[in-house]
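Novice: take this sequence and fold it.
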Amino acid sequence: MADPPSAQQLSCTTINDFPEEILLEIVKNTKDSYSWDRKAVRKNYYNLCLVKPFRRVATEFLYYRIDHLGVGLVKLLHTVLLHPELAALIRVLDLGWETASDISPTKGDLDLVAEHIEKLALTAENEKSWILHLEDDWACATVYTAVLLLHAPNITVLGAPYDRDNFPVFLDEPCFYWAAAFHRNFYAAPQPPIPKYHQLKSISIIENSIYVEDIIPIFQLQSLQYLRVSALVELRTENAWAWPSSAFGKGMSNIKVLKLDDCGIEPEAQGLMVSACRALEEFCYEPSHYLTGKYRPASGVIDLNPISRALQASKLSLRKLIFHHTMISAFYDNCTMIAHHFRDFPRLETIHLDAALIFTAESPFPKLSCILPSGIKQLCIRHTWYDLFENLMSFDGPLSDMVGTAGTVFPSLMQLSIGTGGCFPAPGYDHRLEKEFSHRGIWAYSFWDGSGIR
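Specialist: Next up is the predicted model:
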């Protein structure tokens, strides 16, 4: 074994002699004190880029995550268009530039972007439209965003977390930058020749007006595992869809987490989206009151069976189910109860459901142990109406068989939460349950969700 270096040898070592692994650790730790301040972190990386030994490693960190905090869109795009090798370093791209004040390009900036737009092989009409919108203070932000996205082929995470209510509608055509990168002819010799995003694993998109036909292409991304879409709209029935039902092939996608919040989606359409996922581990659907209020079946009953049937394909993989179909309580006296469809899902551990998806409107209410999987660890029941809330934890209520059965009835339960418009504990509360929860270490609580009217 070689002798360790002497003190004299060590004293002669300079930072230029450090192996890249050590330099990498040094750069990693520059952000610890300022991790809450993205601008400060980026400034540290930028300063390290000016130090020759750190230049390569620090540059990778500087461009690894690009977002609207501390990054000017105009300056960024100018840099990556002149140095495309830097755009190839981007892994996390957060499209959150919100206001026109963020966008103040010079004539040189606009000329550079226009030059690269001409290289995208757009149709003459679209090319003219893109360049024309560069002259508009608001619209140019969307064009810049589209061009940036088209020059970042190696992204793994794509997000747009801005508040869509405050986000200006830049162009008459909705989802302009989205359509540029993920247009509906995604895998059929698309024009322009766009990146295939083979490394993209996570997409979170919040838009003003995004439709089902706009997200069909991303279900074809085999690398994608996480998809969250807000404000997705499809209130038409199947015979009026602007897209073919065959667009979502069964098991075509590797998406494991599918979250649809503040959306309005006709159940058959949503069922096709779910069935396209080969093995979901988490499914979340929280519709918009405004959007779903426009969708009223003639029967007055929303048939949720297409969704629950589609989830059966993920029976062996589903771990978390969140289904807050709040418009049911607000607009209907009845709905299809689907909770019992998941009784034999062996890996389902977290369940958040509206009460209307579990119970009928009238008592007596059945035991929850006969409806839900025995292995659940977290259970949240929202929008309980008064009659149900008063009986939920009563002497002979839906949870009463938990008393003295720690090893058989919900033996793994750790958290129980109940959304209500009443007070807790409710009249008729069985204090034996309180002792049982304490004995098992179950955190049980209620929270106000404005419900109570049935």
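
Novice: show me where the stretch 201-350 of the chain has its helices.
Specialist: 212-215, 267-275, 289-292, 305-311, 327-331 (DSSP state H, counting those that start in this stretch).

Novice: just the buried residues of the fourth one, please?
Specialist: Counting neighbours by 16 or more other Cβ atoms under 10 Å, one finds that the buried residues in helix 305-311 are 306-308, 310-311. For glycine as for every other residue, the C-beta is placed from the backbone atoms N, C-alpha and C.

Novice: again, but for stretch 353-363
Specialist: Neighbour-count burial for stretch 353-363 [16+ other Cβ under 10 Å]: 353-359.

Novice: the bottom helix or strand of the protein by mean pLDDT?
Specialist: In the chain, no helix or strand scores lower on mean pLDDT, DSSP states H and E than helix 327-331, which sits at a mean of 46.

Novice: who touches the helix or strand just after that one?
Specialist: Along the chain past helix 327-331, the next helix or strand (assigned with DSSP states H and E) turns out to be strand 350-354. Applying Cβ atoms under 8 Å, 6 or more residues apart in numbering, the contact partners of strand 350-354 are 319-326, 328-329, 339, 342, 372-373, 376-383.

Novice: try it again at 10 Å.
Specialist: With Cβ atoms under 10 Å, 6 or more residues apart in numbering as the test, strand 350-354 has contacts from 282, 284, 286, 318-329, 335, 337-339, 342, 345, 358, 371-373, 376-384, 414-415, 417, 419, 449, 451.

Novice: please enumerate the strands of this structure.
Specialist: 65-66, 92-94, 157-160, 202-211, 226-234, 257-265, 282-287, 320-323, 350-354, 378-382, 415-420, 443-448 (DSSP state E).

Novice: which one of these has the poorest average confidence?
Specialist: Lowest mean pLDDT within these: strand 202-211, a mean of 75.

Novice: show me what counts as buried in that strand.
Specialist: 202-207, 210-211.

Novice: packing partners of that strand?
Specialist: With contacts taken as 3 or more Cβ pairs under 10 Å, 6 or more residues apart in numbering; DSSP states H and E, strand 202-211 sits against strand 157-160, helix 176-181, helix 212-215, strand 226-234, strand 257-265.

Novice: all the helices of the stretch 51-200 of the chain, in order from the start?
Specialist: 55-64, 73-82, 84-87, 107-117, 124-133, 139-150, 176-181.

Novice: burial-wise, tell me which of those helices comes out on top.
Specialist: helix 139-150 (a mean of 24; mean count of other Cβ atoms under 10 Å).

Novice: alpha carbons only: can I get that one in PDB?
Specialist: Extracted in PDB, the C-alpha atoms of helix 139-150 (Å, rounded to 0.1, in the frame of the first residue of the first chain):
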ATOM      1  CA  ALA A 139     -47.200  38.100 -27.000                       C
ATOM      2  CA  CYS A 140     -43.500  38.000 -27.400                       C
ATOM      3  CA  ALA A 141     -43.200  36.300 -24.000                       C
ATOM      4  CA  THR A 142     -45.100  33.300 -25.400                       C
ATOM      5  CA  VAL A 143     -43.000  33.200 -28.500                       C
ATOM      6  CA  TYR A 144     -39.800  33.400 -26.400                       C
ATOM      7  CA  THR A 145     -41.100  30.600 -24.300                       C
ATOM      8  CA  ALA A 146     -41.900  28.400 -27.300                       C
ATOM      9  CA  VAL A 147     -38.500  28.900 -28.900                       C
ATOM     10  CA  LEU A 148     -36.800  28.200 -25.600                       C
ATOM     11  CA  LEU A 149     -38.700  24.900 -25.100                       C
ATOM     12  CA  LEU A 150     -37.900  23.900 -28.700                       C
END
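
Novice: now for the residue positioned nearest the centre of the chain: which residues touch it?
Specialist: The centroid of the chain falls nearest to residue 228 when counting by Cα atoms, centre = their mean (2.5 Å). If you count contacts by Cβ under 10 Å, 6+ apart, residue 228 has them with 159, 161, 202-206, 257-261, 284.

Novice: can you redo these as CSV with distance to residue 115?
Specialist: Listed next are the contacts of residue 228 as CSV, based on distance: Cβ to Cβ, whole Å:
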residue, distance to residue 115
159, 28
161, 31
202, 32
203, 29
204, 32
205, 29
206, 31
257, 40
258, 40
259, 39
260, 39
261, 40
284, 43
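
Novice: what is the neighbour count of the residue nearest to residue 406 when sequence neighbours are not counted?
Specialist: In space, and not counting its chain neighbours, residue 406 is closest to residue 440: 5.6 Å by Cβ to Cβ, 6 or more residues apart in numbering. Residue 440 is flanked by 15 other residues according to other Cβ atoms under 10 Å.
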